[in-house]
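Asker: Let me see the structure of the following:
(2 chains)
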Amino acid sequence: MKGTQPADPRDELVNYLAALRAFAISLTRNTASADDLVQDTIVKAWTNFDKFTDGTNLRAWLFTILRNTFYSSLRKHRFEVADPDGLYAQSLLVKPEHDGRLAYRDFERAFDQLSPEHREVLILVGASGFSYEEAAGMMGVAVGTVKSRASRARKLLSELMGLAEGEDAFSGMDEASNAVIVKPGTQAA
Amino acid sequence: MMYLDMSESGAKSKIRGQIDENLKRIYDETLNQQVPDKLLQLLNKLRQKSSQSDAEDPGEVL
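Answerer: The predicted structure is shown next:
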């Protein structure tokens, strides 16, 4: 029969598996590592559930465990971080599609080039609906840091996509074609 | 100069809107994937383990 037993609040965890996995994939960009990370997160959440304050945001609590687990394993295996500072990211340049919209595959490639910290802040405030304040609590930094990191991450993404912020999507291409057209023109004149 | 500033901020917010749209898509694509069985099984195992050792103090497991 239904409802004869008091519900274990931990039974709620199953409802967050998909979200935890989506967040883990956005941090690791690798499904196998993401699943390992979600496993570790579940075990930690289960065994430390007494530390969860009833009535607060369970999703935020779980995401915090996940990102802390992720960063502490990064610190242990620093060599596994291919590009922590996004240095070789600079080499990637993607042109927008004909209509000036960002092509999704190109966007994904640019997103992959960001540091985990930049991917994290963009996913938290840009895609999963957390406020700057909530994200600050989860990341353990000041709200201002979240805002500036998010802005920096957006700027980097734009650069990786070949879009200088504040410029029209086509202006970079116009400059390039102008340069090609002008050169022979000046020779003739 | 005024009109230039306005068109610049317009283009900027357009790019920003597209970035957010694509970020949501990246997140939602994985959010809508089937959760692997091993994660569901892990929760079942934890549930069984804790109902078996209900009387015991679990202590600091990690």
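Asker: Low-confidence regions, chain A specifically.
Answerer: In the predicted model of chain A, residues A:1-6, A:78-102, A:164-189 satisfy pLDDT under 70.
Asker: the helices in it, which residues?
Answerer: A:17-28, A:31-47, A:58-76, A:104-113, A:116-122, A:132-139, A:143-160, A:171-188 (DSSP state H).
Asker: List the buried residues of the fourth one.
Answerer: Meaning helix A:104-113. If you call a residue buried by 16 or more other CB atoms under 10 Å in any protein chain shown, then helix A:104-113 has these buried ones: A:106-107, A:110-111, A:113. Yep, even glycine has a C-beta here, placed from its N, CA and C like the rest.
Asker: Please verify my assumption that A:W46 contacts B:L46.
Answerer: Yes - with contact defined as CB atoms under 8 Å, A:W46 and B:L46 form a contacting pair (4.7 Å).
Asker: Find the residues that touch each one of those two.
Answerer: The overlap between the contact sets of A:W46 and B:L46 (CB atoms under 8 Å, 6 or more residues apart in numbering or on different chains) consists of A:R10.
Asker: related to what we said a few turns ago, between the helices of chain A, which gets nearest to B:K38?
Answerer: With distances scored as CB to CB, the stretch of the helices of chain A nearest to B:K38 is helix A:31-47 (7.1 Å).
Asker: which residues sit against that closest one?
Answerer: Contacts of helix A:31-47 with the rest of the structure, by CB under 8 Å, 6+ apart, involve A:10, A:13, A:17, A:20-21, A:24-25, A:27-28, A:52, A:61-62, A:65-66, A:69-70, A:73, B:36, B:38-39, B:42-43, B:46, B:50, B:58, B:61-62.
Asker: coming back round to it: okay if I get the helices of chain A as a markdown table plus distance to B:E21?
Answerer: Rendered in a markdown table, the data for these read as follows (distance: least, CB to CB, whole Å):
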| stretch | distance to B:E21 |
| --- | --- |
| helix A:17-28 | 15 |
| helix A:31-47 | 23 |
| helix A:58-76 | 22 |
| helix A:104-113 | 9 |
| helix A:116-122 | 12 |
| helix A:132-139 | 19 |
| helix A:143-160 | 12 |
| helix A:171-188 | 21 |
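Asker: Minimum distance to B:I15: which of those helices has it?
Answerer: Between B:I15 and those, the shortest gap by CB to CB is with helix A:143-160, which sits at 5.8 Å.
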